[in-house]
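[1] I'd like to go over a predicted model; first the sequence, then the structure.
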Amino acid sequence: MKEFNKRYLALVVAGVVGLSACGSDGKDGSDGEDGKPTPPPSVETSTVTNVEMISHALEDGQVRFEFEITDEDNNLISGLEKANAEVAELTEGGIGRSRDDFEGTILGGSASESTEGAELTEIETGRYEFVAPMASVTAGTEGLIRLAVGGGDNIAKSRYIVVDKSENLHTTSTATCHACHTDYAASSLKHPSYTAINPEGETDLVAGCMTCHGNIARDDGGYARNTMQKIGHINHQKFEKDFAPSNCYTCHEKPIETVYSQQTCIDCHDAANIQTSDLATAFNAFSDGTDMRLFHKQVSDRAELREVHYTTTSAPYLNDSLEWEDYPNGGWCTDVALFNTEGDTEVQLNIAALYADGTLTYAGAYVHGYQNDSLVGRPSPRGSEQYIENVSGSRSICYPHLDGLDSDYRLAGLTASTRVTFKQQDEDGGYDGVSLTSYSDVVDHSGIKLQEFDRRHSVTADSCTTCHTNETNYHKNGSYNEGGLDCVACHNNGQDRSAKNSAPGFGPMVHSMHWGVGNTATDPDGEENSAAKLNAENCVACHAEGIDLNAIPNQYILSKAYNGGTSGVMTSPITANCFACHNDDSAKNHMLQQGGEINAEKLEDWYTLPTSESCATCHAEGKSYGIDKFHVFDRAL
């Protein structure tokens, strides 16, 4: 990182203006006098300042920059009066930048145009040289360099640019941060205006933050009291329900082979009141280039358990030999089988034996009504199931001839879902075992296959596990994996659940629990959960591939959640999802005026009836009032 002379573009935008491809395009202007190109026009004010870095060099006692600046219309800007630069130095203790008044060895440095010895010179129209004196910097200094120019009444301040940084400087990335903070610069969180970009115009969030929040705290010669690792570890201790701060893989995509200080460990262990007496011994054992993420084994063990097991579910089939005391003879069964794949050859495990030794705590099933690629209820009588342990190691779960099958579900197909839960680890009796769920083919009422199971699921596989990271269950036996697809077995169009009176079904419930009335429903103090503290409109956190309102099945959702728990009502689907967040009277009236229905009387064969809502006409993506105009479906660069 000693000296660089290559020309590179730093796309830097001031204020709230979004990124755009500005800067010199390298084309000649029209011919002027004597055949010389006419220079582009110049201005002395701007509302946007774009910076094209030309070169920079670290020298003993100073840093030298050369750059060109243009305004929002690509005009060269003359008369620049402000610039500031910082160097954060890489030491044996990590990245640090000292304050000027630190009484000790000064690390890195900072300078502006007003610093003694600084020089900001306009070499030619729109092109500048900035010499930033920093006494502690040498030509061999490693670390990172940050620059911003402009500010004041006339020329807008540019975005901060990470001009250069040493390789492997940090172990997290913009991508991992933006998985939850989908665009930190557009947020209302701490210091969003300091969100930096690299010379190519891409967000370089972590490096920009580390210019001040390095590995070294203020009292030890750094700039800020909170180091980057403390911000990441401590500020996320209670980030969200079932978020495990020990799940290092969430933020650290690559192996962590260097930890600069034991304080990184102590920050968390002290905050969590965990015994640290043997911490130094453990720390030293992992300081030989081993991946430090392995230090926290519980989460990785759970992930491995999930990785090497899977289940299968047979389509529902009739068994006339079964008997129940309170039901007619015979019933419907489905078989669940559990497999282990960690050896050279996969092995089917014996569910009964795993129950006996305590490895499993649950292996059950439900039979569902199925219509239009949706689960429309559960005709299987609760608590009436029988278990049959098969020689193969599978388990049959059987129900009597299904209640309501000839009335409520006479037009629906049948499918089954099974769930297998490995031993719960929570000593307080909570639901944190690892669960695996699978769904069966769909059959008619005589057991003949109609189709494979399919359900529109518009979220990505890692939508939930980005935040809910501990590889366990939310409650009972539902899993966050596969975008919460396991949850659909209980939270679907026809399973009329109240869900804290938040919202019905799956999509509306998720929307409400994160951003609607359900957001505070599970907190004893009525406080908002972490999702509401992020950018609530950032749908991209779950819907990474956007939303097609026209693709939503035109099918009602049973909705007692919207009227305090009284059954026998239904709501149209897009309305149900939107009302989960937009739940004031004005929004409700708008939805009803456009054909939406909220808590309409449940009709016979309701799951086969089309609704009259016309939401997609105006609000589908790309329309004049498309949801993409008001919600974010693209991640920041």
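    That came in fine, so what should we check first? Numbering: from 1, shown residues only.
[2] Tell me how far residue 307 lies from residue 463.
    Going from residue 307 to residue 463 by C-beta to C-beta, to the nearest Å gives 19 Å. In this view, the C-beta of every residue, glycine as well, is placed from N, C-alpha and C.
[3] neighbour count winner among these two?
    Counted by other C-beta atoms under 10 Å, residue 307 and residue 463 do not tie: residue 463 has more neighbours, with 22 against 12.
[4] That one: what's it in contact with?
    483-484, 541-544 (C-beta atoms under 8 Å, 6 or more residues apart in numbering).
[5] ok, now residue 457?
    Contacts of residue 457 by C-beta under 8 Å, 6+ apart are 482-483, 485, 488.
[6] Which secondary structure state is assigned to it?
    coil (DSSP: H, G, I helix; E, B strand; the rest coil).
[7] do the same with residue 508
    helix.
[8] Test my guess that it contacts residue 583.
    No: at 10.5 Å, residue 508 does not count as touching residue 583 under the criterion of C-beta atoms under 8 Å.
[9] out of the two, which sits in the busier spot?
    residue 508 (29 against 15).
[10] now residue 75: how far from residue 560?
    62 Å.
[11] And for residue 262?
    From residue 262 to residue 560 the distance is 54 Å (C-beta to C-beta).
[12] Please enumerate the helices of the protein.
    Taking DSSP state H, the helices of the chain run over residues 174-178, 205-210, 228-234, 263-271, 279-285, 297-307, 351-356, 481-484, 507-515, 530-533, 573-579, 585-593, 615-619.
[13] Output these as a markdown table; include the columns mean pLDDT and distance to residue 385.
    Shown next, in a markdown table, are the helices of the chain (pLDDT from 0 to 100; distance: least, C-beta to C-beta, whole Å):
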| stretch | mean pLDDT | distance to residue 385 |
| --- | --- | --- |
| helix 174-178 | 89 | 43 |
| helix 205-210 | 96 | 51 |
| helix 228-234 | 88 | 45 |
| helix 263-271 | 75 | 44 |
| helix 279-285 | 66 | 47 |
| helix 297-307 | 82 | 25 |
| helix 351-356 | 96 | 14 |
| helix 481-484 | 90 | 24 |
| helix 507-515 | 93 | 25 |
| helix 530-533 | 81 | 36 |
| helix 573-579 | 97 | 30 |
| helix 585-593 | 97 | 40 |
| helix 615-619 | 96 | 40 |
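[14] Adding distance to residue 81 as columns, could you present these in TSV?
    TSV is the format used below for the helices of the chain (distance: least, C-beta to C-beta, whole Å):
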stretch	distance to residue 81
helix 174-178	31
helix 205-210	24
helix 228-234	32
helix 263-271	41
helix 279-285	49
helix 297-307	52
helix 351-356	73
helix 481-484	52
helix 507-515	44
helix 530-533	38
helix 573-579	50
helix 585-593	49
helix 615-619	47
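[15] what's the closest of those helices to residue 394?
    Closest to residue 394 of these is helix 351-356 (C-beta to C-beta; 6.7 Å).
[16] Determine the set of other helices and strands touching the closest one.
    For helix 351-356, the helices and strands in contact under the criterion 3 or more C-beta pairs under 8 Å, 6 or more residues apart in numbering; DSSP states H and E are strand 331-340, strand 360-371.
[17] rerun that using 7 Å as the cut-off
    strand 360-371 (3 or more C-beta pairs under 7 Å, 6 or more residues apart in numbering; DSSP states H and E).
[18] Which one of the contacts of residue 457 sits in the busiest neighbourhood?
    residue 488 (24 neighbours).
[19] Which residue is the nearest non-sequential neighbour of that one?
    residue 506 (5.3 Å; C-beta to C-beta, 6 or more residues apart in numbering).
[20] Ok, residue 417 next?
    residue 489 (4.1 Å).
[21] can you pull the pLDDT of the one you found?
    pLDDT for residue 489: 94.
[22] Verify the stated contact: it with residue 364.
    No: counting by C-beta atoms under 7 Å, residue 489 sits too far from residue 364 to count as a contact (10.3 Å).
[23] And residue 262 and residue 560? Which one has more around it.
    A count of neighbours by other C-beta under 10 Å puts residue 560 above the other of residue 262 and residue 560, at 21 against 16.
[24] so the more buried one sits right up against residue 498, yeah?
    Yes: taking contacts as C-beta under 7 Å, residue 560 lies within contact range of residue 498: 6.0 Å.
[25] if we can go back for a sec, would you reformat the contacts of residue 463 as a markdown table and include distance to residue 176?
    A markdown table is the format used below for these (distance: C-beta to C-beta, whole Å):
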| residue | distance to residue 176 |
| --- | --- |
| 483 | 19 |
| 484 | 21 |
| 541 | 13 |
| 542 | 16 |
| 543 | 19 |
| 544 | 15 |
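[26] Quick check: the farthest pair among those?
    Going by C-beta to C-beta, the pair spanning those furthest: 484 and 544, at 14.3 Å.
[27] more neighbours, those two?
    residue 484 (24 against 18).
[28] leaving aside the residues next to it on the chain, what's closest to that one?
    residue 464 (4.9 Å).
[29] how about that neighbour, what does it touch?
    Residues counted as contacts of residue 464 (C-beta atoms under 7 Å, 6 or more residues apart in numbering) are 480, 483-484.
[30] cool, and residue 127?
    residue 68.
[31] Would you mind measuring from residue 321 to residue 393?
    With distances taken as C-beta to C-beta, residue 321 is found 21 Å from residue 393.
[32] who's more crowded, the two?
    Neighbour count, other C-beta under 10 Å: between residue 321 and residue 393, residue 393 has more, with 17 against 9.
[33] Wait, that one touches residue 347, no?
    No: using C-beta under 7 Å as the test, residue 393 is too far from residue 347 to be in contact (9.2 Å).
[34] hang on, the earlier thing: and which of the contacts of residue 464 is nearest to residue 246?
    Of the contacts of residue 464, the one sitting nearest to residue 246 (C-beta to C-beta) turns out to be residue 480, at 16.3 Å.
[35] which one of the contacts of residue 457 is nearest residue 205?
    residue 483 (25.2 Å).
[36] Next up, the contacts around the closest one.
    Contacts of residue 483 by C-beta under 7 Å, 6+ apart are 457, 459-461, 463-464.
[37] now, which of those sits nearest residue 340?
    Using C-beta to C-beta, residue 461 is the member of those that sits closest to residue 340, with 21.8 Å.
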